[in-house]
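Asks: Structure for the following, please:
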Amino acid sequence: MIVLVLSAVLVLVVGGCACIWWAERGGPRWVRVVALVTVTIGKVLYEVDRRKRKSGWGGSGGSGSSGGSDD
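Replies: As a prediction, the model looks like this:
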(Lines give C-alpha, C1' and ligand atoms only; values in the text may rest on other atoms or scores of the structure.)
Protein backbone atom coordinates (compact mmCIF):
# COMPACT_ATOMS: atom_id res chain seq x y z
CA MET A 1 0.00 0.00 0.00
CA ILE A 2 2.81 2.43 0.88
CA VAL A 3 4.47 1.71 -2.47
CA LEU A 4 1.26 2.69 -4.24
CA VAL A 5 1.02 5.97 -2.31
CA LEU A 6 4.67 6.83 -2.90
CA SER A 7 4.32 5.99 -6.59
CA ALA A 8 1.33 8.32 -6.85
CA VAL A 9 3.27 11.12 -5.14
CA LEU A 10 6.18 10.56 -7.50
CA VAL A 11 3.90 10.74 -10.53
CA LEU A 12 2.37 13.99 -9.26
CA VAL A 13 5.78 15.54 -8.62
CA VAL A 14 7.15 14.55 -12.03
CA GLY A 15 3.95 15.73 -13.71
CA GLY A 16 4.13 19.06 -11.88
CA CYS A 17 7.75 19.55 -12.93
CA ALA A 18 6.86 18.71 -16.52
CA CYS A 19 4.06 21.27 -16.42
CA ILE A 20 6.44 23.92 -15.06
CA TRP A 21 8.86 23.17 -17.90
CA TRP A 22 6.07 23.24 -20.51
CA ALA A 23 4.51 26.43 -19.10
CA GLU A 24 7.87 28.22 -19.38
CA ARG A 25 7.73 27.44 -23.08
CA GLY A 26 4.19 28.75 -23.57
CA GLY A 27 2.00 25.73 -22.98
CA PRO A 28 -1.79 25.82 -22.85
CA ARG A 29 -3.67 27.55 -20.05
CA TRP A 30 -4.28 24.38 -18.01
CA VAL A 31 -0.54 23.67 -18.00
CA ARG A 32 0.18 27.15 -16.69
CA VAL A 33 -2.44 26.65 -13.95
CA VAL A 34 -0.92 23.31 -12.90
CA ALA A 35 2.55 24.87 -12.94
CA LEU A 36 1.35 27.75 -10.77
CA VAL A 37 -0.25 25.34 -8.29
CA THR A 38 2.92 23.23 -8.21
CA VAL A 39 5.17 26.23 -7.56
CA THR A 40 2.78 27.56 -4.90
CA ILE A 41 2.70 24.21 -3.08
CA GLY A 42 6.50 24.08 -3.20
CA LYS A 43 6.78 27.57 -1.71
CA VAL A 44 4.29 26.76 1.04
CA LEU A 45 6.13 23.56 1.95
CA TYR A 46 9.44 25.45 1.95
CA GLU A 47 8.05 28.09 4.33
CA VAL A 48 6.56 25.46 6.65
CA ASP A 49 9.90 23.64 6.80
CA ARG A 50 11.79 26.89 7.36
CA ARG A 51 9.52 27.90 10.24
CA LYS A 52 9.71 24.41 11.74
CA ARG A 53 13.51 24.52 11.68
CA LYS A 54 13.55 28.06 13.08
CA SER A 55 11.40 27.02 16.03
CA GLY A 56 13.67 24.06 16.79
CA TRP A 57 11.32 21.22 15.86
CA GLY A 58 13.45 19.84 13.06
CA GLY A 59 16.80 19.88 14.81
CA SER A 60 19.10 16.91 15.10
CA GLY A 61 20.14 17.52 18.68
CA GLY A 62 19.79 14.31 20.47
CA SER A 63 20.64 10.68 20.32
CA GLY A 64 23.44 10.45 17.78
CA SER A 65 25.94 7.66 18.26
CA SER A 66 28.99 9.64 17.17
CA GLY A 67 29.76 10.65 20.74
CA GLY A 68 33.19 11.07 22.21
CA SER A 69 33.75 7.85 24.11
CA ASP A 70 36.73 5.71 23.22
CA ASP A 71 36.38 2.11 24.37
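Asks: Can you list the buried residues in the helix or strand bottoming out on mean pLDDT in the chain?
Replies: Lowest mean confidence among the helices and strands of the chain (mean pLDDT, DSSP states H and E): helix 29-54, at a mean of 93. Applying a neighbour-count criterion of 16 or more other CB atoms under 10 Å, one finds 31, 32, 34, 35, 38 buried in helix 29-54. Every C-beta, even on glycine, is put in place using the N, C-alpha and C of the backbone.
Asks: now, which of those residues sits nearest residue 25?
Replies: Ranked by distance to residue 25 (CB to CB), those are led by residue 31 at 9.4 Å.
Asks: Which residues are in contact with the closest one?
Replies: The contact partners of residue 31, by CB atoms under 8 Å, 6 or more residues apart in numbering, come to 19, 22, 23.
Asks: Roughly how far does the first one sit from residue 26?
Replies: Computed with CB to CB, to the nearest Å, the distance linking residue 19 and residue 26 is 13 Å.
Asks: These two: which has the busier surroundings?
Replies: A direct count of neighbours by other CB atoms under 10 Å for residue 19 and residue 26 places residue 19 higher, at 21 against 8.
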